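Undergrad: Below are the sequence and a predicted model; questions follow.
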Amino acid sequence: MKCRTFLISLQGLALLLLFYATAQAISLTVSPNPGRVTQTITNTVSTGFGVQNCEIQIDFGDGSSQTLGVCTLTAGCIYNAFHSYTLIGNYNVVAKTNPGNCLIAPPAPLTDTKNLQITANIVFTSPSLLPSGTVSLAYSYQLQTSGGTAPVTYTRLSGSLPLGLVLGSTGLISGIPASSGTSTFTVRATDATGSTTDQTFSLIINFPPVQVTPIPSSGSIVSTTASTQNILYRFTSSPGTSFQLTSANGQFIAGGETIATNNQYLAVPIQNGAGQTNETLTIPLSVIQRAQAAKVNTLYYQRTFSPGSTTATIVFTITSDALAPFTITRVALFFENKRPEITVEKNFPTLKAFANINFLGSGLLRGYWEVDGRVLSYINQQVTFGQMITLETPSIPPLPTFDPGAHSLRLVITNPVPQMTLPTVLYYVESQESKTIKIASFQPRDNTIWDFQPLSFQWEGLRNSSLYLIEFLKGGESGPVFSAYTRRTIYEIPEVLLKKIFVANISYSWKVKGFDDRNNLIGESDPWTFRFR
């Protein structure tokens, strides 16, 4: 019986020793793992039953250690040790008991080891001022970070990117900038462990460089009259750029001061780095007079196009009429009835049209008369300084009147090239044949020589005529030097015109044309000549 009891007690002691041995344990947990440089790492040490009044030590693996204390609980205890690492690398963290300081010492020191990876903190390496971009040119920039654990995602926290650009989750800023200016925005980078870093960036979008060439860049204007100039503005920019320029007004500058403003608005589309626009610029006489009042003979016209502040300047030299370049300033077309339209009968033989041409300077006038798009005759005439010249359609070939209907007539001037649209007049040919009546001239008789004094001209009246046109021509010239309308059958040259227009001992001719109440030509006299002593 005693022997059995001994055996039972011996078995119980063996079980107790087995439990005691298995309860002797130490466990180490390191968090977070991996960690960051300068980040606080938590080291948790847990002991099991049987580690009583036992001193616990922890070695952080970087040459430093810490004593956690004495575990006094028979059921075990938990210690937390905190440590920061200053260098990246792999560290073996060891927690162990000190057998020399245990109330009940385990057969050997209890230890637990964990490997800890310390990596660099995630930080932005991209500069706060990002590389600049250009309007309408593709932009791309990849934000960069160091440290952290891949993958890294990027989000915009605040601010706005330039119009036309977007930030991708991978940190790529891309797109085509639509406007210039400086944008400021804050971006957060987050790595796979949830570690974040924020940085504020600035991005400048520049307007592309633009060059403008005005054509012409200079010219002359006359001091006594308003002037009109056609200006072509030609723009060049970076290849591939497309945008729009605008100019609200242009300024006249004389003597360093703005003396007037032209409020004509211009818009210029630039496509693939090129564009152009036209301006018909009128320089009022008042602007020219203000420049002269400033005692300068140079007038500047400037236009600024934005965005980009591109300025075009045209320089005008103010000259007298005689020194002005040969320029056409006005062209007026009309028929013998002084109107831009007339009706004649079929095969009317003497239909005439006239052109009053105002000009500046002197030069060779070139052009041609054109009927229904076909050239009738050419003009080559040297004109000298003056204000106006009158041309008429030739007698041979005459204006065609054999085809009934409407016909258009133009005077096309090829030199100098006019800066305005040339007019067009119309004449209508009726289907009935022309029956022009011959007007008989009474006095003065043909080849008469008169004293240089006012002279009366008389002719036979027509029954259906309500208006007469008397024309005076100088010998050898096709155009009249003077003409006048009257409703009477007699006309006397006024003394003031006699002295201004006519010259003694020069042969002149005169003739009369009659018109009905619809301004249709119904009669014409033969030309008779005369001269003054």
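TA: Thanks, I have it.
Undergrad: got the contact list for residue 335?
TA: Neighbouring residues of residue 335 by Cβ atoms under 8 Å, 6 or more residues apart in numbering: 341, 342, 351, 352, 353, 354, 425, 427. From N, CA and C alone the C-beta is placed, and that goes for glycine too.
Undergrad: Restricted to strands, list those residues.
TA: If you go by DSSP state E, the contacts of residue 335 have 341, 342, 353, 354, 425, 427 in strands.
Undergrad: what packs against the helix or strand containing residue 233?
TA: Assessed by DSSP states H and E, residue 233 sits inside strand 227-236. Applying 3 or more Cβ pairs under 8 Å, 6 or more residues apart in numbering; DSSP states H and E, we find strand 227-236 packed against strand 211-215, strand 218-222, strand 266-270, strand 274-283, strand 298-305, strand 310-319.
Undergrad: Go through those strands and pick out the most buried.
TA: Mean neighbour counts were taken over these using mean count of other Cβ atoms under 10 Å, and the top value, a mean of 20, falls to strand 298-305.
Undergrad: Only alpha carbons, please: show it as PDB.
TA: The C-alpha trace of strand 298-305 is given here as PDB (Å, rounded to 0.1, in the frame of the first residue of the first chain):
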ATOM      1  CA  THR A 298       6.800 111.000 -87.000                       C
ATOM      2  CA  LEU A 299       3.600 109.300 -85.800                       C
ATOM      3  CA  TYR A 300       3.800 105.800 -84.200                       C
ATOM      4  CA  TYR A 301       0.900 103.400 -84.100                       C
ATOM      5  CA  GLN A 302       1.200 100.600 -81.500                       C
ATOM      6  CA  ARG A 303      -0.900  97.500 -80.800                       C
ATOM      7  CA  THR A 304      -0.300  95.100 -77.900                       C
ATOM      8  CA  PHE A 305      -1.600  91.600 -78.100                       C
END
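Undergrad: And the pLDDT for residue 7?
TA: With respect to pLDDT, residue 7 scores 30.
Undergrad: mind listing the helices for the protein?
TA: 2-23, 285-293, 495-501 (DSSP state H).
Undergrad: can you tell me which of the ones you listed the model trusts least?
TA: Mean pLDDT is lowest for helix 2-23 out of those, coming in at a mean of 35.
Undergrad: Mind giving me the ChimeraX select for the contacts of residue 335, buried ones only?
TA: Remark: buried members of these, expressed as a ChimeraX selection using 16 or more other Cβ atoms under 10 Å:
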select :342,351,352,353,354,425,427
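Undergrad: what would the contacts of residue 335 look like in TSV with distance to residue 374?
TA: As requested, these are exported to TSV (distance: Cβ to Cβ, whole Å):
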residue	distance to residue 374
341	20
342	19
351	16
352	18
353	15
354	20
425	16
427	15
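Undergrad: Turn the contacts of residue 335 into a markdown table, columns for distance to residue 464 and pLDDT.
TA: Listed next are the contacts of residue 335 as a markdown table, based on distance: Cβ to Cβ, whole Å; pLDDT from 0 to 100:
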| residue | distance to residue 464 | pLDDT |
| --- | --- | --- |
| 341 | 20 | 92 |
| 342 | 16 | 92 |
| 351 | 18 | 89 |
| 352 | 20 | 90 |
| 353 | 23 | 93 |
| 354 | 24 | 94 |
| 425 | 24 | 95 |
| 427 | 20 | 95 |
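Undergrad: Nearest to residue 140, out of the contacts of residue 335: which one, please.
TA: In terms of Cβ to Cβ, no member of those lies closer to residue 140 than residue 425, at 63.5 Å.
Undergrad: Would you mind measuring from residue 199 to residue 131?
TA: Per Cβ to Cβ, to the nearest Å, residue 199 is found 15 Å from residue 131.
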